[in-house]
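Participant: 3D model of this:
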Amino acid sequence: MEGDAGNTVHNGTGPKGAPHAGAPAPGAEPTGAAVILRVLRVSLHVGFAVLLLVALLRLLAGGITGQEWVTLLLAVLLAAFYLLGTVLEKRHAARRTRFDPRPYSAWWLGGVCLLWLLLVWASADFVWLAFPLFFLQLHVLRRRLALPAIALSTFFVIGALWFHNSGIAASGQAGAAPASLAPELPMVLGPAFGAAFAVVTGLAYRALFLEAENQRLAAEELRRTRAELARTQHNAGTLAERTRLAREIHDTLAQGLSSIVLMGRAAEKALDDGEPAVARDRLRIVRDTAAANLAEARNFVRALQSPDLEDGSLVAGLLRLCEKTEAETAARGAGLRCRLDVEGVPVELPGTHQTVLLRAAQASLANVRAHAQARTAVVTLSFLGPDVAMDIYDDGTGFDPSALPARPDGSGYGLTSLRDRVAALHGQLDIESAPGEGTVVAIRLPLGQAPGSTAAPAPARGDRK
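Facilitator: Residues are numbered from 1 along each chain as shown. Predicted coordinates for the structure are as follows:
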């Protein structure tokens, strides 16, 4: 059993009820230190039982008379009282909701020691139970109480040995030698060395317990840290995926739906003006935009690249984007010329770079259509050796990049999304604009290594004039 002030825990629980290293958590594999602690505790109980059994057998072998019956009863009572304490601590260690014997451990130890003293007074065969009792005293009591208790027990053992072997009890027998005034040397050395060994072993047990307890606490902290890290990584991954989907939806579906709304209004106006051919042309644009958005949505589900890049050519995708921008602008009654220029030696770009550049062009040209009131837009794709760059220029009204208002309807997310995309590839985004002076969106992305071709850049133009 363990007292509230015990140095070491016997029932597998710490001061506040947490399992210690000697009693691993349910489902956990016991450590080497936990196994050693368990073996030491079991050895203590087994040693007490064996010594008590040996004393009982010697008592029975000498014959049972009137006094021996009292000794036998005390021995049986000691065995039952000791067993009761060990069973209660074992039950509490197995299930914490059961009776907790720890507050009564000091009283239990006092009862065991009292019964042992009575047995020692009756027979010298019970003297050797002192050795397991040394360990119990050291474990149950605080150290400042345990050491004096062990010292008193040692003196009592020495006195009992002297009393039964060469002292008063022996001198009272017929023909016995005169009583010795002092115990013989073996009577002193045996108990003294036994007590010293118990103290040293108990302190070593305590040190082992503390080390095992520290290891258990460190393991629990590591498990908590791992669980917290896993939750943090999960939350970060969820947030990153939400951000990615927000960018994709803004740059594709949201822009497409906006175009559909505008083209639908233009078709209604054409029908009101009695121009069915114009309305049919606007509805064709609505159909194509809806089909493109449907393809984008399906690719989101399949986690594939944009349909505009299915042929593997960024240049072709940008050309189609310029044509679509001109057509949608014309359907709204405005004249916008959109042109693609390619500079340098085209090289095959990674899929991530192609997607970022295409989305950047889509977002920039969507802003040109919606806000710039421009007459000309030029998309310039440049292959610059270890880098790829793209500039989107328009001659529209321009704006102040440092004073972009936040819109409550959720629009205005394009530049933020574009910055995030470019930053994810360790690229650079610059926006040059001023009211009345047009706008240039400049993007530069590193490729990681220079293209294999070292030929001088040769202009390759894909102009639409």
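
Participant: from now on I want contacts and neighbour counts done on CA atoms only, so please keep to that.
Facilitator: OK.

Participant: tell me what the longest helix seen in the chain is packed against?
Facilitator: Using DSSP state H to define each element, the chain has its longest helix at helix 185-248. In terms of contacts (3 or more Cα pairs under 8 Å, 6 or more residues apart in numbering; DSSP states H and E), helix 185-248 is packed against helix 32-61, helix 130-140, helix 143-165.

Participant: give me the low-pLDDT residue ranges for the stretch 351-465 of the chain?
Facilitator: Residue ranges of the stretch 351-465 of the chain with pLDDT under 70: 404-414, 449-465.

Participant: I misspoke; the intended subject was the stretch 1-150 of the chain.
Facilitator: The model of the stretch 1-150 of the chain has pLDDT under 70 over residues 1-34, 36-37.

Participant: please redo it, this time with the cut-off set to 80
Facilitator: The model of the stretch 1-150 of the chain has pLDDT under 80 over residues 1-41, 44, 62-68, 89-98, 100-102, 104, 135, 138-139, 141, 143.

Participant: quick check: which of the helices and strands packed on helix 185-248 is buried the most?
Facilitator: Across those, the average number of neighbours (mean count of other Cα atoms under 10 Å) peaks for helix 130-140, which reaches a mean of 24.

Participant: can I get the CA coordinates of that one in CSV?
Facilitator: Extracted as CSV, the C-alpha positions of helix 130-140 are listed here (Å, rounded to 0.1, in the frame of the first residue of the first chain):
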residue,chain,number,x,y,z
ALA,A,130,12.1,-7.6,9.7
PHE,A,131,13.9,-7.5,6.3
PRO,A,132,10.7,-7.1,4.1
LEU,A,133,9.3,-4.8,6.8
PHE,A,134,12.4,-2.6,6.3
PHE,A,135,11.4,-2.1,2.7
LEU,A,136,7.8,-1.5,3.6
GLN,A,137,8.7,1.2,6.1
LEU,A,138,11.0,2.9,3.6
HIS,A,139,8.3,2.8,0.9
VAL,A,140,5.2,3.8,2.8
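
Participant: what is it packed up against?
Facilitator: helix 32-61, helix 105-122, helix 143-165, helix 185-248.

Participant: looking at the helices and strands packed on helix 185-248, which is nearest to L319?
Facilitator: Checking the helices and strands packed on helix 185-248 against L319 by Cα to Cα gives helix 32-61 as the closest, at 70.2 Å.

Participant: from R231, how far off is A360?
Facilitator: To R231, A360 is 33 Å away according to Cα to Cα, to the nearest Å.

Participant: more neighbours, the two?
Facilitator: Shown here are A360 and R231; by other Cα atoms under 10 Å, A360 has more neighbours (26 against 12).

Participant: need the contact list for the more buried one.
Facilitator: Contacts for A360 (Cα atoms under 8 Å, 6 or more residues apart in numbering) come out as L418.

Participant: I'd like the next helix or strand past the helix or strand where R421 lies.
Facilitator: Using DSSP states H and E, R421 maps to helix 414-424. Toward the C-terminus, helix 414-424 is succeeded by strand 428-433 as the next helix or strand (DSSP H and E).

Participant: tell me which residues of that following strand are tucked away?
Facilitator: For strand 428-433, the neighbour count (16 or more other Cα atoms under 10 Å) marks L429, I431, S433 as buried.

Participant: tell me how far T416 lies from R244.
Facilitator: Distance, T416 to R244, using Cα to Cα: 12 Å.

Participant: what about those two, which has more around it?
Facilitator: R244 (15 against 10).

Participant: can you check the pLDDT for that one?
Facilitator: Looking at R244, its pLDDT is 72.

Participant: for the helix or strand where V87 lies, packing partners?
Facilitator: According to DSSP H and E, V87 maps onto helix 66-94. On a contact count with 3+ Cα pairs under 8 Å, 6+ apart, helix 66-94 meets helix 32-61, helix 105-122.

Participant: out of the ones you listed, which is closest to H164?
Facilitator: H164 sits nearest to helix 105-122 of all these, at 8.6 Å, using Cα to Cα.

Participant: next, the angle helix 143-165 makes with the closest one.
Facilitator: If you take axes from the mean of the first three to the mean of the last three Cα atoms, to 10 degrees, helix 105-122 sits at 10 degrees to helix 143-165.

Participant: run through who's touching helix 105-122.
Facilitator: With Cα under 8 Å, 6+ apart as the test, helix 105-122 has contacts from 1-3, 71, 74-75, 77-78, 81-82, 85, 126-127, 129, 133, 136-137, 140-141, 160.

Participant: re earlier: reformat the helices and strands packed on helix 130-140 as JSON lines; add distance to R96.
Facilitator: Shown next, in JSON lines, are those (distance: least, Cα to Cα, whole Å):
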{"stretch": "helix 32-61", "distance to R96": "18"}
{"stretch": "helix 105-122", "distance to R96": "17"}
{"stretch": "helix 143-165", "distance to R96": "27"}
{"stretch": "helix 185-248", "distance to R96": "19"}
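
Participant: of all those helices, which one is nearest V368?
Facilitator: helix 185-248 (18.4 Å).

Participant: from the middle of its chain, how far away would the helix or strand just after that closest one be?
Facilitator: Counting by DSSP H and E, the next helix or strand C-terminal to helix 185-248 is helix 255-272. Centre-to-centre, helix 255-272 and its host chain are 52 Å apart (Cα atoms, centre = their mean, to the nearest Å).

Participant: in the next helix or strand after helix 255-272, what's buried?
Facilitator: The C-terminal neighbour of helix 255-272 among helices and strands, as given by DSSP H and E, is helix 276-302. By neighbour count with 16+ other Cα under 10 Å, helix 276-302 contains the buried residues 278-279, 281-283, 285-286, 289-290, 292-293, 296-297.

Participant: and the angle from helix 276-302 to helix 255-272?
Facilitator: Here helix 276-302 points in a direction 160 degrees away from that of helix 255-272 (the same axes, to 10 degrees).

Participant: so which elements touch helix 276-302?
Facilitator: If you count contacts as 3+ Cα pairs under 8 Å, 6+ apart, helix 276-302 packs onto helix 255-272, helix 314-331.

Participant: least reliable of those helices going by mean pLDDT?
Facilitator: Across those, helix 255-272 gives the lowest mean pLDDT, at a mean of 82.
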